[in-house]
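Chemist: make a model of this:
(one chain, ligands or ions: 2)
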Amino acid sequence: MTDETEHKAQAGGTIIPVTLFQQNCMLLWDEATRQAVVIDPGGDVPLILDAIAKANVKVEQIWLTHGHIDHVGGADELRETLKVEIIGPHVADTFLLEHVEDSGAKYGMTGTRNFMPDRWLNEGDTVSVGGLTFDVLHCPGHSPGSVVYYSKAMKFAHVGDVLFAGSIGRTDFPGGSHETLINSITTKLLPLGDDVGFICGHGPGSSIGQERMTNPFLTGEA
Ligand SMILES: [Zn+2]
Ligand SMILES: [Zn+2]
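Modeler: Residues are numbered from 1 along each chain as shown. Ligands and ions are numbered 1, 2, ... in the order given. This is a model prediction of the structure:
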């Protein structure tokens, strides 16, 4: 016996390292419906399009964790190519999205464009693709408008550059604040629970529990 309400969506996903910063662009989809989202298309749009074709999914949205060039450099081009909407980050990163072109030029990236998303996100919003639903957590500190996407059902989060395996996001960029970042992590991420796994913007993923116990920035050793 099956019932609509008992349906638990299964997710599929792949990581596409993009730009010279090896940013973890993520293609995430609902296995049942093949509806997909691209999170943080920082650049190398042809690589992202290849991954979409290989996964045989239909991308319906672009979600952004924050406005840094390595996360958004390919967003406007991908929006135009796929004819989808850009969702996020929080409006506090407007000043970054107004200078995507300059930032890209500084790092020798071509094709980067200034843009605005179709929808800004706030704490408490939800976003979904197919049967996958994510809560939005506003986690400033690395950038003022950083957001984290959290799926309670999957015990999974995409934390952007807020938290890394063994480290935390840099806070020496404009609008960054170490104190604010630590506060975001301790009040928004740690309470999600030790068994929540996460993908981050650079390097390998981890779990909240692993970081709570061993991350030097959270244990007070850093
Ligand atoms: Zn960043
Ligand atoms: Zn980054």
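
Chemist: and the residue nearest to the spatial centre of the chain, what does it touch?
Modeler: For the chain, residue 65 is the residue whose C-alpha lies nearest the centre (CA atoms, centre = their mean; 3.8 Å). Contacts for residue 65 were tallied using CB atoms under 8 Å, 6 or more residues apart in numbering; they are 39-40, 71, 88-89, 146-149, 158-162, 201. All C-beta spots, glycine's among them, are computed from the backbone N, C-alpha and C.

Chemist: same thing with residue 206?
Modeler: So residue 206 contacts 164-166, 197-198, 200 (CB under 8 Å, 6+ apart).

Chemist: how about the longest helix along the chain: buried residues?
Modeler: Assignment by DSSP state H gives helix 45-55 as the longest helix of the chain. If you call a residue buried by 16 or more other CB atoms under 10 Å, then helix 45-55 has these buried ones: 45, 47-49, 51-52, 55.

Chemist: which of the residues you listed lies closest to ligand 1?
Modeler: Of all these, ligand 1 sits closest to residue 48, with 18.2 Å by CB to the ion.

Chemist: give me phi/psi at the closest residue to residue 145 other than its chain neighbours?
Modeler: Excluding the flanking residues, the one nearest residue 145 by CB to CB, 6 or more residues apart in numbering is residue 93, at 2.9 Å. Torsion angles at residue 93 (phi, psi; degrees, to the nearest 10) stand at phi -90, psi 10.

Chemist: make sure residue 93 is actually in contact with residue 140.
Modeler: No - if you go by CB atoms under 8 Å, residue 93 and residue 140 don't touch, sitting 9.3 Å apart.

Chemist: who's more crowded, those two?
Modeler: residue 93 (26 against 22; other CB atoms under 10 Å).

Chemist: how close does that one get to residue 87?
Modeler: Note on residue 93: its distance to residue 87, by CB to CB, to the nearest Å, is 13 Å.

Chemist: what does this protein put close to ligand 1?
Modeler: Within the chain, the positions near ligand 1 by CB under 5 Å from the ion are 68, 161.

Chemist: pLDDT weak spots in the chain?
Modeler: Scanning the chain for pLDDT under 70 picks out 1-8.

Chemist: hang on, the earlier thing: sort out for me which of the contacts of residue 65 are in strands.
Modeler: Residues of the contacts of residue 65 located in strands (DSSP state E): 39, 147-149, 158.

Chemist: widest-spaced pair of the buried residues of helix 45-55?
Modeler: Taking CB to CB, the two most distant members of the buried residues of helix 45-55 are 45 and 55; they sit 15.6 Å apart.

Chemist: quick one on the thing from earlier: overlap in contacts, residue 93 and residue 140.
Modeler: Shared contacts of residue 93 and residue 140, defined by CB under 8 Å, 6+ apart, are found at residue 146.

Chemist: one step back: so which elements touch the following helix or strand past the longest helix of the chain?
Modeler: As assigned by DSSP states H and E, the chain's next helix or strand after helix 45-55 is strand 58-63. The contact analysis (3 or more CB pairs under 8 Å, 6 or more residues apart in numbering; DSSP states H and E) places strand 58-63 against strand 35-39, helix 75-82, strand 85-87, strand 126-129.

Chemist: which parts of this protein are helices?
Modeler: 45-55, 69-72, 75-82, 94-97, 100-106, 178-184, 208-214, 216-219.

Chemist: including distance to residue 129, could those helices go into TSV?
Modeler: Putting the helices of the chain into TSV (distance: least, CB to CB, whole Å) gives the following:
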stretch	distance to residue 129
helix 45-55	13
helix 69-72	18
helix 75-82	13
helix 94-97	22
helix 100-106	24
helix 178-184	24
helix 208-214	23
helix 216-219	31
